[in-house]
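Colleague: Give me a model of this one.
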Amino acid sequence: MRIAVSGSIATDHLMTFGGKFTDTLIAEKLDKISVSFLVGNLEIRRGGVAGNIAYGLGSLGLKPLLVGSVGPDFGDYRTWLCDHGVDTSGVRTSATQQTARFTGTNDEAGNQIASFYPGAMSEDGEIDITSLAAANGVELVLIGAGDPGAMQQHTADCRAAGIPFAADFSQQVAFLDGDAMRTLIEGASYLFCNEYEAAVIESKTGWTGEDILARVGTRIITLGSEGARVERRGEEPLVVGPVKDATFVEPTGAGDAFRCGFLAATAWGLPLERAVQLGNLMAVHALETVGPQEYELKPASLTERARAAYGDEAAAELAAHLPA
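Modeller: Just a heads-up that it's a prediction; the model follows:
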């Protein structure tokens, strides 16, 4: 199954301040802020929902089609993705905007001052996703968090063209209103969310869990350290436990890694239990690495970890599909 992944493509510029912001900010002068912090280091990471998921799918050998808008500064990032099995022919280069960028500075107390520049992402609505899908043999489109208007357009276009799609609001769950969510959910083959996002979606749409299951094929809810739960209308929920020996380092991109594992196993025709197991295994790769695309996939070690977490049968079924 050929998968297209749409949503944000961005770079993260992360800095660390070796003090506390609160030691510099004066409460009675917050209406006239003009401050500068001398930072000790700078980390530049490749990111964005679509970029992260496509990277994982490519590492698993699926050759996903990445769909989104970037700026002329995307060259090195494009090369990185291509080197890891991602088809970037669906990426559009803006003539006027740079690639979306997140810039954040953390202090030693864990506080953060950050900003997000959407840049070229704001032009995602100019992409004709149905034409791209037809030209590339796409059988499923994941519509990830990105420009809200483009998310609506891609969903409507996929629905009209009869192209199966997966809905994944992630970071946009706080900004989308109930009407937008209802439109994005209706008819989705898959709906991805975590427990908090599931609660927000139900609250904003006014739909119960059963109402949502009447409108989507499968709802996948990640449960953090408890694994994940899969729900389908008229069936008992399927709960799959976590990979218990995970060593927590940094959480960014873990949800995206779960999605790529779940979708890869689904594309291989494996049952839902295996899809969640591979999702959990991929999420651990991201959790144990600083940066959402810095993990290295080693099929042999992944297979051994699958055996330890889920048994010989699961390991054998997954290993049969992993790239050499």
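Colleague: where do the helices sit along this structure?
Modeller: 49-59, 75-83, 129-135, 148-161, 178-185, 195-205, 209-213, 254-267, 272-287, 299-310, 312-319 (DSSP state H).
Colleague: Make TSV from the ones you listed and add mean neighbour count, mean pLDDT and distance to residue 2 to it.
Modeller: (C-beta placed from N, C-alpha, C; glycine too.) Output for those, formatted as TSV (neighbours: other CB atoms under 10 Å; pLDDT from 0 to 100; distance: least, CB to CB, whole Å):
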stretch	mean neighbour count	mean pLDDT	distance to residue 2
helix 49-59	30	97	10
helix 75-83	15	97	16
helix 129-135	17	97	9
helix 148-161	19	97	14
helix 178-185	18	97	22
helix 195-205	17	96	27
helix 209-213	16	97	27
helix 254-267	27	97	8
helix 272-287	25	96	17
helix 299-310	17	96	21
helix 312-319	16	98	20
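Colleague: Include distance to residue 219 when you put those helices into TSV, please.
Modeller: TSV is the format used below for the helices of the chain (distance: least, CB to CB, whole Å):
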stretch	distance to residue 219
helix 49-59	18
helix 75-83	29
helix 129-135	23
helix 148-161	16
helix 178-185	9
helix 195-205	8
helix 209-213	6
helix 254-267	12
helix 272-287	11
helix 299-310	22
helix 312-319	22
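Colleague: And those: which comes nearest residue 108?
Modeller: helix 272-287 (22.7 Å; CB to CB).
Colleague: what about residue 56, distance to residue 178?
Modeller: According to CB to CB, to the nearest Å, residue 56 stands 31 Å off from residue 178.
Colleague: ok, back up a step: ok, which of the helices of the chain comes nearest residue 38?
Modeller: That would be helix 75-83 among the helices of the chain, by CB to CB, at 27.3 Å.
Colleague: relative orientation of that closest one and helix 49-59 in degrees?
Modeller: 40 degrees (axes from the mean of the first three to the mean of the last three CA atoms, to 10 degrees).
Colleague: contact partners of helix 75-83?
Modeller: With CB atoms under 8 Å, 6 or more residues apart in numbering as the test, helix 75-83 has contacts from 9, 11, 46, 51, 54-55, 58, 66, 70, 88, 91, 99, 293.
Colleague: what's near enough to touch the closest residue to residue 286 other than its chain neighbours?
Modeller: Leaving aside its chain neighbours, residue 286 sits nearest to residue 257 (3.9 Å; criterion: CB to CB, 6 or more residues apart in numbering). Shown here is residue 257, whose contacts under the criterion CB under 8 Å, 6+ apart are 52, 56, 279, 282-283, 285-286, 292, 295.
Colleague: mind listing what the residue positioned nearest the centre of the chain touches?
Modeller: Closest to where the C-alpha atoms of the chain average out (CA atoms, centre = their mean) is residue 256, at 3.2 Å. Residue 256 makes contacts with 49, 52-53, 56, 170, 286, 292, as judged by CB under 8 Å, 6+ apart.
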